[in-house]
Each structure stands twice: as C-alpha cells, then as structure tokens.
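In: Sharing a sequence plus its predicted fold:
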Amino acid sequence: MNSGQPPDTAPIKRLVRPFQEFAKLEAFGGILLIGCIAVALVWANSAWAASYFHLWHTNLTFGFAGKTLSEPLQFWINDGLMALFFLLVGLEIKR
C-alpha cells in the first residue's frame, strides 16, 4: 500500500499535478496573460481603481554597492520588462 513516500505528501501531489500538467502546455503563457489582463481591466474599472493606480505608481528601489535606482513600477514594466520582451522576441525570430 505504501509506495515509499510519506503519507502526507500524496495528497499534495494530487493537488499539484494538474497545475504542473497545465504549465507544460504551450498555451500556458497565453492563457495566463489573458487571465492577468482580465483581472487588471476589472480591477482598474472597479470601485478599487484608486488602489490599482496607487500600486502602479509605487516606487521600487534596487541598490547594489551603495548605488540605488528608485523608479515607479510603471517605469520598470514599460522600460525594463518591455526591453526584455523584445530581446526575447528578437532571439526567437533569429532562431
């Protein structure tokens, strides 16, 4: 009956396995992106819109060796992540 695994890990594996299988699908990234877009649109147009815009303009600070860079979340997404996105698209097109 016991397959050599502790009895408390089997239920966890049963819960996690569907998520692992879904993450292996090629469409996972697109489905996740559409879900995040839907949540952001509903949040930004709801009664809690002020908290959405407050989060959008929250400063994030990164520092190393006494040097710091403090910019709003909007900057990090628009400049940093979009540059990374287009780098990856360019590498994929080249491949």
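Out: Thanks, I have the structure now. Worth saying up front: this structure is predicted, and the values here are computed from it rather than measured. Numbering: from 1, shown residues only.
In: Output whichever helix or strand residue 89 is part of as CSV, nothing but the C-alphas.
Out: Element membership of residue 89 [criterion: DSSP states H and E] is helix 82-94. Presented in CSV, the C-alpha positions along helix 82-94 are these (Å, rounded to 0.1, in the frame of the first residue of the first chain):
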residue,chain,number,x,y,z
MET,A,82,9.4,45.5,-22.5
ALA,A,83,13.1,45.7,-23.4
LEU,A,84,13.5,42.1,-22.1
PHE,A,85,10.4,41.1,-24.1
PHE,A,86,11.7,42.5,-27.4
LEU,A,87,15.1,40.9,-26.7
LEU,A,88,13.4,37.5,-26.4
VAL,A,89,11.2,38.1,-29.5
GLY,A,90,14.3,39.0,-31.5
LEU,A,91,16.2,35.9,-30.3
GLU,A,92,13.2,33.8,-31.2
ILE,A,93,12.9,35.3,-34.7
LYS,A,94,16.7,34.8,-35.2
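In: how distant is that helix from the center of its chain?
Out: 18 Å (Cα atoms, centre = their mean, to the nearest Å).
In: Just list what that helix packs against, helices and strands only.
Out: Counting contacts by 3 or more Cβ pairs under 8 Å, 6 or more residues apart in numbering; DSSP states H and E, helix 82-94 packs against no other helix or strand. For glycine as for every other residue, the C-beta is placed from the backbone atoms N, C-alpha and C.
In: So for it, mean pLDDT?
Out: On average, the pLDDT along helix 82-94 is 91.
In: Which parts of this structure are helices?
Out: Remark: helices assigned in the chain by DSSP state H are 9-24, 28-44, 49-56, 73-75, 82-94.
In: Contacts for the fourth one, please.
Out: Same thing as helix 73-75. Helix 73-75 has contacts (Cβ atoms under 8 Å, 6 or more residues apart in numbering) with 55, 56, 57, 58, 59, 60.
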